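Peer 1: here's a sequence, model it:
(chains A and B)
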Number of protein chains: 2
Amino acid sequence: MTRRHNRTRGDRGIPEATVARLPVYLRALHSLQEREIATVSSEELAAAAGVNSAKLRKDLSHLGSYGTRGVGYEVEYLVYQISRELGLTQDWVVAIIGVGNLGRALAGYGGFASRGFRVAGLLDADESVVGEQISGLSVRHIDDLEQVIADHGVSIAVIATPAAAAQGLCDRVVAAGVTSVLNFAPVVLSVPEGVDVRKVDLSIELQILAFHEQRKAGGPGEAGAEGWGEDHDGDRADDRARGQEPPETTQYVEAVEA
Amino acid sequence: MTRRHNRTRGDRGIPEATVARLPVYLRALHSLQEREIATVSSEELAAAAGVNSAKLRKDLSHLGSYGTRGVGYEVEYLVYQISRELGLTQDWVVAIIGVGNLGRALAGYGGFASRGFRVAGLLDADESVVGEQISGLSVRHIDDLEQVIADHGVSIAVIATPAAAAQGLCDRVVAAGVTSVLNFAPVVLSVPEGVDVRKVDLSIELQILAFHEQRKAGGPGEAGAEGWGEDHDGDRADDRARGQEPPETTQYVEAVEA
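Peer 2: Below you'll find the predicted structure:
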């Protein structure tokens, strides 16, 4: 049970890339629920999530969910299945370490509570913010970190400190028994086996936008585009004939339509 | 030139999933540069980026970069190639709309400037913050949005407002000629063809952590794990024999090692 490094699959054989798309499907399904839509075709759900429908169907088949021909997927049941798979049917207790602008933004982020993430602790090293009320919580001093983790049963630590402080704090939360760390600090954290770290780089999405913006403006890739038709995207047979990968989209791509 | 919706490839035939990984490779390469490492093998770079090396080599081959057998990739040149491909060798002018906690965090985010993103405008509807100095910029009133876009040549708008305000502001930036929007507001934005929107959901990474945390705690997927060995990850031949997808990792996965 110690194979944690470079893991590319979940413990049940679900590919890591599928796991990463499940929250995107869930977000699309929640939108459908808000509009009181009870069933959805794989094509509709795929479009809403920004993936192709074959990939969607394959992803959901890992959950044992195949839909009904001619009907599609039952929204409420699929929400339950995905939430259950992701572990969102239980509450997760989160501590946010560092209450600068980012920590404050995260403390007030509505998307956490609605997905079962309960922020139970806010901690900072700055005496001047200790005791401040933010989103209903009183900021605790970082010296109390281990106490807060134990008292509230924190299972996920969110590190939103400057880079220099992050590793030391990560070591402390791990020593206190936390095995999941979400890192917003601009540094790569080292953790022992058995601990999961995910890092958020807020500039990555901007870089992907820049790629497309450059293309729109006629950037360096422009000349190379001549060998390609203008309408081949989504045509898997055509792509296979060219020896390319089938089309994929990534977890944060929205289906953008006029 | 109007095929913008559901696009899964860049204009040069680079798969969208590859585009999404380029910033991750770039981040790993910058770390190598900081350590004054001049060449890197595909295995080392893949491990640092959290992907398998076959995928890395295929991704880089789309850029015409194949490395040298027995030597690997020249770090500095690969940084240049990826930066050029992503359009980071030029400056991109960014406006941040909404200077609540998140907007302030983004305004001060070091990772933007170092990748060629220059924040030239901060805007808010709240009179009490207009004129405030944040990260060297004076906050402008949202009424000046079109003026700020025109004066500074803004090409990417970052929307960090409450959900209710986001669509109206998105419409205004698009009308003012901006064709790339990064959306942090918890709402799906509608844009005309030719405009790229990417949405950041800060809870997605937490959901992926929850998936693994649940497995560690012996969650619902546990029983289903019995049919799987404990050491099959990364074994592509084995995965193919089972009819599964080859291992993949996603853009934000860090290689986490003890």
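
Peer 1: my guess is A:V93 meets A:F112, correct?
Peer 2: No. Using CB atoms under 8 Å, A:V93 is not in contact with A:F112; the gap is 11.2 Å. For the C-beta atoms, the positions are set from N, CA and C on the backbone; glycine is no exception.

Peer 1: overlap in contacts, these two.
Peer 2: Common neighbours of A:V93 and A:F112 (criterion: CB atoms under 8 Å, 6 or more residues apart in numbering or on different chains): A:R118.

Peer 1: output whichever strand or helix holds A:Y77 as CSV, nothing but the C-alphas.
Peer 2: Per DSSP states H and E, A:Y77 falls inside helix A:75-86. What follows is helix A:75-86, C-alpha atoms only, in CSV (Å, rounded to 0.1, in the frame of the first residue of the first chain):
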residue,chain,number,x,y,z
VAL,A,75,-28.7,13.4,-13.8
GLU,A,76,-29.4,12.9,-10.1
TYR,A,77,-28.1,9.3,-10.0
LEU,A,78,-25.0,10.3,-11.9
VAL,A,79,-24.3,13.2,-9.5
TYR,A,80,-24.6,10.6,-6.7
GLN,A,81,-22.3,8.1,-8.4
ILE,A,82,-19.6,10.7,-9.2
SER,A,83,-19.8,12.3,-5.8
ARG,A,84,-19.5,8.9,-4.2
GLU,A,85,-16.5,8.0,-6.3
LEU,A,86,-14.8,11.3,-5.5
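
Peer 1: now do the buried residues in the top helix by length along chain A.
Peer 2: When chain A is parsed with DSSP state H, its longest helix is helix A:16-34. For helix A:16-34, the neighbour count (16 or more other CB atoms under 10 Å in any protein chain shown) marks A:16-29, A:32 as buried.

Peer 1: can you tell me the closest non-neighbouring residue to the residue in the stretch 101-250 of chain A positioned nearest to chain B?
Peer 2: Chain B sits closest to A:Q214 of the stretch 101-250 of chain A, with a gap of 3.1 Å, by CB to the nearest CB. Counting by CB to CB, 6 or more residues apart in numbering or on different chains, A:Q214 lies nearest to B:G87, which is 3.1 Å off, once chain neighbours are set aside.

Peer 1: rewinding a little: in terms of neighbours, single out the busier of A:V93 and A:F112.
Peer 2: Comparing A:V93 with A:F112 by other CB atoms under 10 Å in any protein chain shown, the one with more neighbours is A:F112, at 21 against 15.

Peer 1: mean confidence for the stretch of helix or strand A:L206 belongs to?
Peer 2: Here A:L206 sits within helix A:204-216, counting by DSSP H and E. Across helix A:204-216, the average pLDDT comes to 85.

Peer 1: okay, the angle between that helix and helix B:75-86?
Peer 2: Comparing the axes of helix A:204-216 and helix B:75-86 via axes from the mean of the first three to the mean of the last three CA atoms, to 10 degrees yields an angle of 70 degrees.

Peer 1: number of nearby residues for the residue in the stretch 1-150 of chain A positioned nearest to chain B?
Peer 2: Residue nearest to chain B within the stretch 1-150 of chain A (CB to the nearest CB): A:G87, separated by 3.1 Å. Residues lying near A:G87 (other CB under 10 Å) number 23.

Peer 1: and A:A217, by the same measure?
Peer 2: Neighbours of A:A217 using other CB under 10 Å come to 12.

Peer 1: give me the below-cutoff pLDDT ranges for chain A.
Peer 2: Counting by pLDDT under 70, the ranges of chain A that qualify are A:1-12, A:219-258.

Peer 1: how is it partitioned into domains?
Peer 2: Domain assignment for chain A, taken from automatic domain parsing, gives A:16-86, A:92-199.

Peer 1: distance from the first one to the middle of the chain?
Peer 2: By that I understand domain A:16-86. Between the centre of domain A:16-86 and the centre of its host chain there is 16 Å, according to CA atoms, centre = their mean, to the nearest Å.

Peer 1: between the two ends of it, how far is it?
Peer 2: 12 Å (CA to CA, to the nearest Å).

Peer 1: with the longest one instead?
Peer 2: Taking CA to CA, domain A:92-199 runs 18 Å from one end to the other.

Peer 1: next one: the helix or strand where A:G168 lies to chain centre, how far?
Peer 2: If you go by DSSP H and E, A:G168 is part of helix A:163-175. With CA atoms, centre = their mean as the basis, helix A:163-175 stands 22 Å off its chain's centre.

Peer 1: work out the sheet partners of the next helix or strand after it and label each with its direction, please.
Peer 2: Downstream of helix A:163-175, the next assigned helix or strand under DSSP H and E is strand A:180-183. Here strand A:180-183 is paired, per DSSP bridges, with strand A:156-159 (parallel), strand A:196-199 (parallel).
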